[in-house]
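Novice: everything below, folded, please.
(chains A, B, C and D)
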2 protein chains.
Amino acid sequence: MTLSTKGRILDAAEELFAEQGFSATSLRHITARARVNLAAVNYHFGTKDALVEAVFARRLIPMNKDRLQRLDRLVRAHAPQDPPLDRLIEAFIAPALELSRHATEGGARFLKLLGRSYTEPSALLQEQVREMYREVIDRFRPVFAQVLPDLPGDELYWRLHFLVGVLAYCMSGADMMRLIASCRVHDSLDTNMLTQRLTVFLTAGMRAPLPAVDAPTLPETAHA
Amino acid sequence: MTLSTKGRILDAAEELFAEQGFSATSLRHITARARVNLAAVNYHFGTKDALVEAVFARRLIPMNKDRLQRLDRLVRAHAPQDPPLDRLIEAFIAPALELSRHATEGGARFLKLLGRSYTEPSALLQEQVREMYREVIDRFRPVFAQVLPDLPGDELYWRLHFLVGVLAYCMSGADMMRLIASCRVHDSLDTNMLTQRLTVFLTAGMRAPLPAVDAPTLPETAHA
DNA sequence: GTCTATAGTCAGATAGAC
DNA sequence: GTCTATCTGACTATAGAC
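Specialist: Residues are numbered from 1 along each chain as shown, chains lettered A, B, ... in the order given. The predicted model follows:
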């Protein structure tokens, strides 16, 4: 309950970054919400950029460890055969969505922040987050290739790209949802429900057969 | 070439917003790049927020008009039957991706900006962009429902959500791509290629049959 | 419409007492 | 480790000459 100064800063920063974005959130906001002194951020983290990185590392590193553990278990459980595609997808997306289960720990807030981070402009953050993801991608990609042997390599790249995109968007809890659905997002943000819906959608997308190569591309409708 | 002051500001703002985000971009940056006086922004647009809105409106309104035209043509061409799902999806995503075709006009930059806008925290921008999308959603949604009569309403909502998510992520040209693929995004950002790949993926995802209702959900793998 | 000059506020970061 | 006080610079926005 009475967290350390460092922990209180991380919590407050996570919260405000998720609500307002990084550059719109000042250290003064953060320290005020954390009820610590303004100078504490610079003392404990050095710079604002380093604080941003720490906010991500705190949850991203365990989350990716969870992903790798699930992948290992899945591959072992089915060896020497390939694991089912839907289970593979689930191993990738579930650890992210699980974060929202620990709502009291701020996991849900972080999920929103994480979703947005994929499209954040800051080159520095991009680099930091990418580094935290490298091992996950390196381990999942060859398994996907094995499970989907009919997909050419470049097509698989794109489809993984699409997969990550859906996940990122769902995590961000984009308010656009309120426009598409009349319902509110969080009313129905049941992790199991969402994981299952996502898995069904993504499994079908990943499995989509390629159109015959000699077929003409989609006919163009006139454009200016 | 020698654009009006207003146009030069819009171009420079679009460019910098796409590169750095909104709150990280100052009016000083914008006016410097546009080579106009600092006070010109406030003279022509009033406030920074109004400038942001103008940057979006300039391209979003024509883009959505294009979407509605394609939808109309498509429905008419197949009446009284339903249009094919892939053509319906294409009518929705192509007008967005087409923007990158007009690279000289900065369409590609705007595409990145648009992709990011879906997850932007600013409540004001959210509201403005949502308003510009309302008619598009209201017109496309019932046609999707007709083409996919087996999907329950709430499932359709989620799938449209997923669809928009993929599109947003692709538009943002997220650098995460460089991690998944070894290639660079823009090397292969051929609009037709991407539209076709997206259409194939999304058509399969939208068509995915629901798992039997009485079947247990995906078995849980242990989590802490 | 375009400029200069500036008001008024807020930012990140640090020095130095305790 | 935590505090106060402050430096230095940047920000949006506006007033008023031209």
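
Novice: C-alpha from now on. contacts and neighbour counts both.
Specialist: Will do.

Novice: and stretch A:195-213, how far out from the chain middle?
Specialist: 19 Å (CA atoms, centre = their mean, to the nearest Å).

Novice: what does stretch A:8-20 give?
Specialist: Computed by CA atoms, centre = their mean, the chain-centroid distance of stretch A:8-20 equals 17 Å.

Novice: repeat for stretch A:125-137
Specialist: Distance of stretch A:125-137 from its chain centroid, counting by CA atoms, centre = their mean, is 11 Å.

Novice: show me what counts as buried in that stretch.
Specialist: The neighbour-count check on stretch A:125-137 (16 or more other CA atoms under 10 Å in any protein chain shown) flags A:125, A:126, A:129, A:130, A:133, A:136, A:137 as buried.

Novice: average pLDDT for it?
Specialist: The pLDDT scores in stretch A:125-137 average 90.

Novice: with stretch A:199-210 instead?
Specialist: When pLDDT is averaged over stretch A:199-210, the result is 98.

Novice: state the distance from residue A:80 to residue A:136.
Specialist: Taking CA to CA, to the nearest Å as the measure, residue A:80 falls 22 Å from residue A:136.

Novice: actually residue A:60, not the one I typed
Specialist: Residue A:60 is 11 Å from residue A:136, where distance means CA to CA.

Novice: try residue A:158
Specialist: In terms of CA to CA, residue A:158 sits 17 Å off from residue A:136.

Novice: now do residue A:9
Specialist: With the distance defined as CA to CA, residue A:9 ends up 28 Å from residue A:136.

Novice: repeat that for residue A:54.
Specialist: Counting by CA to CA - residue A:54 and residue A:136 are separated by 19 Å.

Novice: what does residue A:197 give?
Specialist: Distance from residue A:197 to residue A:136, counting by CA to CA: 23 Å.

Novice: residue A:212 now?
Specialist: With CA to CA as the criterion, residue A:212 and residue A:136 are 32 Å apart.

Novice: do the same with residue A:166
Specialist: Going from residue A:166 to residue A:136 by CA to CA gives 17 Å.

Novice: how about whichever helix in chain A runs longest: buried residues?
Specialist: Longest helix in chain A by number of residues (criterion: DSSP state H): helix A:48-78. Neighbour counts using 16+ other CA under 10 Å place A:48, A:51-52, A:54-56, A:59-60, A:63-64, A:66-68, A:70-71, A:74-75 of helix A:48-78 among the buried residues.

Novice: run a quick neighbour tally on the closest residue to DNA strand D within chain A.
Specialist: Using CA to the nearest atom of the strand, the closest approach of chain A to DNA strand D is made by residue A:37 at 3.7 Å. The tally of other residues near residue A:37 (other CA atoms under 10 Å in any protein chain shown) stands at 13.

Novice: which residues touch it?
Specialist: Each residue near residue A:37 by CA atoms under 8 Å, 6 or more residues apart in numbering or on different chains is listed here: residue A:31.
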